[in-house]
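J.: mind folding the following:
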Amino acid sequence: MSSAGTHPSLEYVLVAAVAGAGTFLTTPIARGIAVAWGAIARPRDRDVHAVAIPRLGGLAILTGLSLAVFVARQLPTLSAAFDKGPEFQWIMASAVLICFIGALDDRYELDSITKLAGQVLATGLMVTRGGVQLAFLYLPFGDNGTFILSRDIAIPLTILLIVVTVNAINFIDGLDGLAAGVTAIAAASFFVFSYNLAQNHRIDVAAAPTLLSAVLVGACIGFLPHNFVPARVFMGDSGSMLIGLMLAAAATTATTSTDPQTLDNAGKYLPIALPLLLTAAVLAIPLIDLMLAVVRRMSRRQSPFAPDKRHLHHRLLELGHSHRRAVLLMYFWTFLLAFGSTAYSLLHDTWVLVVLVMAAVAVGTMMLIVPRVQRRRRVAHFPDQAQWRADASRSGAGRGAP
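T.: Next comes the predicted model:
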């Protein structure tokens with residue numbers, strides 16, 4: 001529990017603020033490095049931006065994360081998170097490594113096999129040396145619901161899940177502010193879940209999943225002012241793979257930080273009983289996009305990593321949504337699934353599911369109706385301008401130059 005006279009929530013707010021401020025203030029520096037080094041995203045057929053935009057935003061995110069972790073190490077309550085559980089120095093070493101690999105891709109556009117090898121290397125370092133790995137699985141049936149995983153199974157399984165998460169976040173990084181916003185929402189839901197367990201069930205409040213979630217929320221929010229529509233800098237693979245790695249680390253440690261059999265009513269906490277369910281629900285949008293992309297490309301006998309323009313966010317643009325509205329819709333879907341699953345796991349009330357269904361129906365209806373209504377109005381009043389704006393929306397025209 002917290003030290004006398006210290007409230008842990010204030011320390012979490014502080015480290016999140018440090019991560020946000022550090023990222024926000026160093027993003028212009030990262031942008032300048034990208035321009036000088038030539039790490040520029042020039043428009044391609046599958047892109048939605050029409051002008052060249054600097055990458056390497058991941059350098060600023062890494063800086064914000066590192067500063068926040070350093071500050072947390074000095075605080076009276078959160079310093080306890082470094083004395084038990086996963087090794088933070090190896091987590092940060094993996095973060096630096098995957099950011100470096102992403103930076104090389106931002107500049108030289110590495111092939112998919114090289115990127116995958118780098119992801120496995122960075123993830124393997126965090127799993128084997130840092131101790132970020134699934135220790136057990138709990139299923140609410142059978143005589144012994146807890147299945148202890150040997151290292152021979154836990155290590156490759158954890159590496160696989162983290163690499164999938166990294167690529168899921170990387171795949172949705174196709175619209176301004178999308179990956180940063182989705183990750184911030186997902187990390188916030190993990191924070192609420194972990195912190196609630198700590199407050200209500202006497203689990204140590206200074207824990208790795210709660211701390212990792214807090215600093216990741218801060219770093220992503222700090223990056224958004226530079227990256228939201230219209231973006232002046234992209235996070236690039238240096239950022240998308242980094243936040244995917246940190247999000248996976250938070251999820252893995254959040255779902256295995258306590259034995260579900262030690263709770264008074266383990267069945268009430270569904271994400272603990274089925275650890276992978278919370279991760280899947282929180283990451284549902286990027287995971288669905290990832291699976292659809294893999295199936296789509298393999299059906300065409302292409303590499304699963306071959307780029308195309310058929311991601312979920314591309315389809316929203318094709319429906320007629322503006323760039324900004326498409327991003328906000330993806331935010332809403334992520335929030336609905338992430339916090340909906342978290343609320344159900346903590347409250348275990350059916351009304352949560354009812355609200356989720358109603359909200360899903362409402363948003364689905366809006367996605368279909370609003371673009372059509374707006375298109376008809378434009379055509380009726382300004383037929384020539386309507387066609388021009390539709391083309392501009394798809395191509396990203398009108399965005400500022402870097």
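
J.: from now on I want contacts and neighbour counts done on CA atoms only, so please keep to that.
T.: OK.

J.: and the nearest residue to residue 89 once chain neighbours are set aside, how many neighbours?
T.: When the adjacent residues along the chain are set aside, residue 89 lies closest to residue 130, with 7.5 Å between them (Cα to Cα, 6 or more residues apart in numbering). By the criterion of other Cα atoms under 10 Å, residue 130 has 20 neighbours.

J.: separation between residue 130 and residue 337?
T.: Residue 130 sits 30 Å away from residue 337 when distances are taken as Cα to Cα, to the nearest Å.

J.: where does the stretch 201-350 of the chain have low pLDDT?
T.: Residues of the stretch 201-350 of the chain that meet the criterion pLDDT under 70 lie in 201-203, 255-287, 289-290, 293, 297, 302-321, 348-350.

J.: again, 80 this time
T.: Segments of the stretch 201-350 of the chain classed as low confidence (criterion: pLDDT under 80) are 201-204, 254-323, 325-326, 329-330, 333, 337-338, 340-350.

J.: can you map out the helices along it?
T.: When secondary structure is read from DSSP state H, counting those that start in this stretch, the stretch 201-350 of the chain shows helices at 208-227, 236-256, 270-273, 275-282, 284-299, 312-319, 323-347, 350-381.

J.: likewise the stretch 51-200 of the chain?
T.: Shown for the stretch 51-200 of the chain, the helices assigned by DSSP H, counting those that start in this stretch span residues 57-74, 88-108, 112-128, 151-171, 178-201.

J.: got the CA coordinates for the last one in CSV?
T.: These are the backbone C-alpha positions of helix 178-201, laid out as CSV (Å, rounded to 0.1, in the frame of the first residue of the first chain):
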residue,chain,number,x,y,z
LEU,A,178,-5.2,7.4,-34.8
ALA,A,179,-2.6,5.1,-33.2
ALA,A,180,-1.7,7.5,-30.4
GLY,A,181,-5.4,8.1,-29.5
VAL,A,182,-6.3,4.4,-29.6
THR,A,183,-3.3,3.4,-27.5
ALA,A,184,-4.1,6.2,-25.0
ILE,A,185,-7.6,4.9,-24.6
ALA,A,186,-6.5,1.2,-24.3
ALA,A,187,-3.8,2.1,-21.8
ALA,A,188,-6.2,4.2,-19.7
SER,A,189,-8.6,1.2,-19.5
PHE,A,190,-5.7,-1.0,-18.3
PHE,A,191,-4.9,1.7,-15.7
VAL,A,192,-8.5,1.8,-14.4
PHE,A,193,-8.6,-2.0,-14.2
SER,A,194,-5.3,-2.3,-12.3
TYR,A,195,-5.8,0.6,-10.0
ASN,A,196,-9.3,-0.5,-9.1
LEU,A,197,-8.0,-3.9,-8.1
ALA,A,198,-5.3,-2.3,-6.0
GLN,A,199,-7.7,0.0,-4.2
ASN,A,200,-10.5,-2.5,-3.5
HIS,A,201,-8.6,-5.8,-3.0
